[in-house]
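Student: Based on what follows, work out the 3D shape:
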Amino acid sequence: MTAPDWAWVGLAVFINAWWLTYDFVLAPRFGWPTMTGQMRHYLHETVLGPLLFGLLVLVPAAFMYHLFQAFSRQR
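Tutor: The predicted structure follows:
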């Protein structure tokens, strides 16, 4: 595996480790709202919900566009 491969794996592991640690260890211990609960609350808000949903769709769509552009330049 090359360095970019390890970077992607590290990013995925770090993001999931952060979320799991916060939601299942820190939030219950200190009485904080969970990240999952807060996101559920935001998605049901009248203004923030559609904006956050759009952002959650935009990020993977932009990434896929970038990948397809990079693949087309390699031909």
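
Student: quick one, helices of this structure?
Tutor: With DSSP state H as the definition, the chain shows helices at residue ranges 3-21, 27-30, 35-44, 48-73.

Student: Out of the ones you listed, which one sits most buried?
Tutor: When you average the neighbours per residue for each of these (mean count of other CB atoms under 10 Å), helix 35-44 leads with a mean of 12. (Each C-beta comes from the backbone N, C-alpha and C, glycine too.)

Student: Just list what it packs against, helices and strands only.
Tutor: Judged by 3 or more CB pairs under 8 Å, 6 or more residues apart in numbering; DSSP states H and E, helix 35-44 is in contact with helix 48-73.

Student: Now do the helix it packs on, average pLDDT.
Tutor: Helix 48-73 shows a mean pLDDT of 91.

Student: for that helix, packing partners?
Tutor: By 3+ CB pairs under 8 Å, 6+ apart, helix 48-73 packs against helix 35-44.

Student: if we look at the helix it packs on, which residues are touching it?
Tutor: Helix 35-44 is contacted from outside by 19, 22-23, 27, 48-49, 52-53, using CB atoms under 8 Å, 6 or more residues apart in numbering.

Student: go with 10 Å
Tutor: 18-20, 22-24, 26-27, 32-34, 48-53, 56 (CB atoms under 10 Å, 6 or more residues apart in numbering).
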